[in-house]
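**Q** sequence and predicted structure below; questions after.
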Amino acid sequence: MPLPKAELHLHIEGTLEPELAFALAARNGIALPYADAEELRHKYRFSDLQSFLDLYYELMAVLRTEDDFADLAEAYLTRAAAQGVRHAEVFFDPQAHLARGVEMATVVDGLARALEGAPERHGVSTRLIMCFLRDESAESAAATLDAARPHLDHITGVGLDSAEVGHPPSKFREVYEKAANLGLRRVAHAGEEGPPAYITEALDVLGVERVDHGLRSVEDPDLVARLVRDRVPLTLCPLSNVRLRTVDVLADHPLRAMLEAGLMATVNSDDPAYFGGYADDNFHAVREALGLTDDQLRELARNSFLAAFLDDDEDLRKA
Ligand code: ES4
Ligand code: ZN
């Protein structure tokens, strides 16, 4: 039995398995430039974040209808539940869909339909977090927040993702302030490929409650001391870091040292269809590669529930 856990760093578009991509392409009359799912899977070899993002955005073309988004989320929930996930905070990238002429309502209603049925169907509670693409303008992010206004009953928070280097958190100061005023929770990717200073900015300028990745915090001892002192959760994604060549091999991943330094680390799958594993696959991989103890694995699982945007009456650890 996999450990019960919460997954806090998961891009729903990154759960698009090659077989589902082909099925949705056929349903929508879209031709993919690959012979079949197997040929497509062979393209899942990346040299850095951008080389992954290029394919990630290309394949989104198959997501067109509300049913497509519902089917995508349902497929994820089925796999996540089998890996011990009891609570999932799901990112989505509205700008990537709006740019293709897919409306916000299509995306949110499709995802929300699958997520709303998840407690009964899969024993998984959920939240939805909409991410701004940091390589798009601050004005585009603000317009996206406006477009989401009619749908905020389905959206718990905002995040920041896509190509990090050259797009510091401070670029999004105003839209995060607006989001906070709307009662939205705040997270942001920082320190995946970008420098530790981006993590500091995400905390100080954007007011984030969790840092997504936060991997490069280990380069700055003062920042580590602050993250430990303030119990700032980091949503690490070990298999993602290896696939995107941020870390050479899993045995070099700093997760164990981070736990031992007192950081509030969590383990997540990021874009599991692309990076070779879902939530428990990541737990299993770090246990093997880093020799984590059972206590450390339980600490990771406990951290995931403590760092979740759950209400006080939703203690899923007892489930
Ligand atoms: C992402 Cl791994 C990663 N990093 C930044 N942005 C992303 N969007 C989807 N996956
Ligand atoms: Zn991510």
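**A** Here it is on my side, so go on. Ligands and ions are numbered 1, 2, ... in the order given.

**Q** next, residue 168: phi, psi?
**A** phi -70, psi 160 (degrees, to the nearest 10).

**Q** next up, the contacts around it.
**A** 194, 197-198, 201 (C-beta atoms under 8 Å, 6 or more residues apart in numbering). C-beta here means a position set from N, CA and C on the backbone, and glycine is covered the same way.

**Q** can you tell me how far the residue in the stretch 101-250 of the chain positioned nearest to ligand 1 sits from residue 227?
**A** The stretch 101-250 of the chain approaches ligand 1 most closely through residue 161 (3.4 Å), counting by C-beta to the nearest ligand atom. Distance, residue 161 to residue 227, by C-beta to C-beta, to the nearest Å: 20 Å.

**Q** then residue 219?
**A** Distance from residue 219 to residue 227, by C-beta to C-beta: 12 Å.

**Q** who has more neighbours, the two?
**A** residue 227 (26 against 13; other C-beta atoms under 10 Å).

**Q** so that one touches residue 218, yeah?
**A** No: using C-beta atoms under 8 Å, residue 227 is not in contact with residue 218, being 10.0 Å away.

**Q** in the one helix or strand residue 257 maps to, which residues are buried?
**A** In this assignment (DSSP states H and E), residue 257 forms part of helix 255-260. Neighbour counts using 16 or more other C-beta atoms under 10 Å place 255-256, 258-259 of helix 255-260 among the buried residues.

**Q** can you tell me which of these is nearest ligand 1?
**A** residue 255 (16.0 Å).

**Q** assign a three-state SS to residue 193, would you?
**A** coil (DSSP: H, G, I helix; E, B strand; the rest coil).

**Q** number of nearby residues for the nearest residue to residue 57 once chain neighbours are set aside?
**A** Counting by C-beta to C-beta, 6 or more residues apart in numbering, residue 57 lies nearest to residue 96, which is 5.9 Å off, once chain neighbours are set aside. Neighbourhood size, residue 96 [other C-beta under 10 Å]: 22.

**Q** pretty sure residue 96 contacts residue 61?
**A** No: contact criterion C-beta under 8 Å: residue 96 and residue 61 do not qualify, at 10.0 Å.

**Q** contacts only, for the closest residue to residue 112 other than its chain neighbours.
**A** In space, and not counting its chain neighbours, residue 112 is closest to residue 154: 4.5 Å by C-beta to C-beta, 6+ apart. Counting by C-beta under 8 Å, 6+ apart, residue 154 makes contact with 108, 111-112, 115, 128.

**Q** for residue 154, give me phi and psi.
**A** Torsion angles, degrees, to the nearest 10, at residue 154: phi -100, psi -10.

**Q** what of residue 193?
**A** Dihedral angles for residue 193 - degrees, to the nearest 10 - are phi -110, psi -20.

**Q** same question, the one 5 residues further on
**A** Its backbone dihedrals place residue 198 at phi -70, psi -30, with angles given as degrees, to the nearest 10.

**Q** what's the nearest residue to it if we skip its chain neighbours?
**A** residue 190 (4.4 Å).

**Q** what bridges to that neighbour?
**A** As for beta bridges, residue 190 partners with residue 213 under DSSP bridges.

**Q** offset the numbering so it begins at 823, please.
**A** With 823 as the first residue, the last one maps to residue 1012.

**Q** contact partners for it?
**A** Per C-beta under 8 Å, 6+ apart, neighbours of residue 1012: 982, 986, 991, 1020-1021, 1023-1024, 1030, 1033-1036.

**Q** apply 6 Å and report the result again.
**A** 1020-1021, 1024, 1033 (C-beta atoms under 6 Å, 6 or more residues apart in numbering).

**Q** residue 1125 too?
**A** 1086, 1088.

**Q** secondary structure element holding it?
**A** Going by DSSP H and E, residue 1125 is in helix 1116-1128.
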